[in-house]
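A.B. asks: Attaching a predicted model along with its sequence, questions to come.
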Amino acid sequence: MRTQIINFLLEQQNSDGSWGFSPAKAGAIEPTAYALMSLASEEPGRKAIDRGVGFLRKTQTARGAWAVNTQDSEEAAWATSLAGLALLGFEGTESMRTAAAQFVVDSFGRHPRPWILRLADWMRSFDASYVEENRGGWKWNPDTANWVEPTSYALMFLKKIQQSVANPQASGENAFKPIIAEAELLLYQRMCKEGGWNYGNAQVLGEELRPYPLTTAVALLALQNASNPECQKSLVYLQRAVREERSALALCMAVQCFGLYGIPAEPWMQAATVLYGETQYFQNIKTSALALLALQSLNGKSPFRLAS
């Protein structure tokens, strides 16, 4: 499967150096970022990587960001975070990564609220039992609500770039600390009752929402705190949930998550391999790249690993 996926990714790279979500589709940042991450340690991928990095270099905006795809003009912090994560694996991209990190930091914010709700929040804050519910994070689209996945992508990128510099204080990366801390609080606050994460809130109109394996794995990758009881509770949920999982995307993300938390992941990689034999992942480039990353993670390699 490994060789087949590598060949598939190399064959499906667009002439401009990008990858689309499916063969012959216009380039998009998400599959391009995952393809670059997965090919970074594969010898046959060197030329493809040079072209892919060149694509990111050409499409980065003056503010250091990227749009979701080549047919869009609106900058997106979550797509920029994934591009930044990919670039961390390659030399000569420091200025691109720094500009991307600044855009992501500038995009951090709370849920937009009308003045009457902001006034209500202020009045409630005088109550000793008040808990801040409007934590800062990141959004799919500007000026909308914060969501678990884009917040997780941004957290991973900022943590990784902070750890990649020799002197964070001198380079300004120490300014990320309060933003990282608040975004982590948002994720913990959004955790579902049984552990794990839904896409947005854990509760709506008094009803508890159920978690999902994919969002749970992504949030756990962003937090990477094995000593935290809430992370442990979510890992228990995830191990239970993936037993019945039929999504290759969720399985591959769970494999990487388990590897970083010291949990044997081979059974779930086997399940993802069986799905590949049945469907070839419907030639989805993002899923194929994540499967290659999952295979690599079994040997301890992961672009998502944070320093201990």
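C.D. replies: Thanks, I have the structure now.
A.B. asks: From now on I want contacts and neighbour counts done on CA atoms only, so please keep to that.
C.D. replies: Will do.
A.B. asks: for Leu186, helix, strand, or coil?
C.D. replies: Using DSSP: H, G, I helix; E, B strand; the rest coil as the criterion, the local structure at Leu186 reads helix.
A.B. asks: With Asp143 as the reference, measure out to the closest residue to it other than its chain neighbours.
C.D. replies: Spatially, and ignoring its direct neighbours in sequence, Leu186 is nearest to Arg135 (5.3 Å; CA to CA, 6 or more residues apart in numbering). For Arg135, the distance to Asp143 (CA to CA, to the nearest Å) stands at 14 Å.
A.B. asks: neighbour count winner among the two?
C.D. replies: A count of neighbours by other CA atoms under 10 Å puts Arg135 above the other of Arg135 and Asp143, at 17 against 14.
A.B. asks: The residue nearest to Leu186 reaches Ala181, doesn't it?
C.D. replies: No: the criterion here is CA atoms under 8 Å, and Arg135 misses it with Ala181 at 10.3 Å.
A.B. asks: ok so, going back, where does the residue nearest to Leu186 fall, secondary structure wise?
C.D. replies: Following DSSP states H and E, there is no helix or strand that holds Arg135.
A.B. asks: Can you give me the pLDDT of it?
C.D. replies: As predicted, Arg135 sits at a pLDDT of 83.
A.B. asks: That one: what's it in contact with?
C.D. replies: Residues in contact with Arg135 (CA atoms under 8 Å, 6 or more residues apart in numbering) are 110-111, 182-183, 185-186.
A.B. asks: Of those residues, just the buried ones, ChimeraX syntax please.
C.D. replies: Filtering these down to the buried ones (16 or more other CA atoms under 10 Å) takes a single ChimeraX command:
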select :110,111,183,185,186
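A.B. asks: Pick out the most distant pair among the contacts of Arg135.
C.D. replies: Largest separation among those by CA to CA: His111 and Leu185, giving 14.3 Å.
A.B. asks: In this structure, mark out all the helices, start to finish.
C.D. replies: Applying DSSP state H to the chain gives helices spanning 2-11, 29-39, 46-59, 77-87, 94-107, 115-124, 148-164, 168-171, 177-190, 213-223, 229-241, 248-260, 266-279, 285-297.
A.B. asks: List the buried residues in the first one.
C.D. replies: What that stands for is helix 2-11. In terms of neighbour count (16+ other CA under 10 Å), helix 2-11 has its buried residues at 5-6, 8-10.
A.B. asks: before we move on, the earlier item: which of the contacts of Arg135 scores worst on pLDDT?
C.D. replies: Lowest confidence among those: His111, with 65.
A.B. asks: Distance of Trp66 relative to Pro211?
C.D. replies: From Trp66 to Pro211 the distance is 30 Å (CA to CA).
A.B. asks: So Gly17 sits against Lys58, correct?
C.D. replies: No: shown here, Gly17 and Lys58 do not form a contact pair, counting by CA under 8 Å, at 10.1 Å.
A.B. asks: Which one's more surrounded, these two?
C.D. replies: The neighbour comparison of Gly17 against Lys58 (other CA under 10 Å) goes to Gly17, with 19 against 10.
A.B. asks: what residues are up against that one?
C.D. replies: Contacts of Gly17 by CA under 8 Å, 6+ apart are 48, 51-55.
A.B. asks: from these, which would you call buried?
C.D. replies: Buried among those (16+ other CA under 10 Å): 48, 51-53, 55.
A.B. asks: what's the closest of those to Gln163?
C.D. replies: Out of those, the member with the shortest distance to Gln163 (by CA to CA) is Val53, at 21.5 Å.
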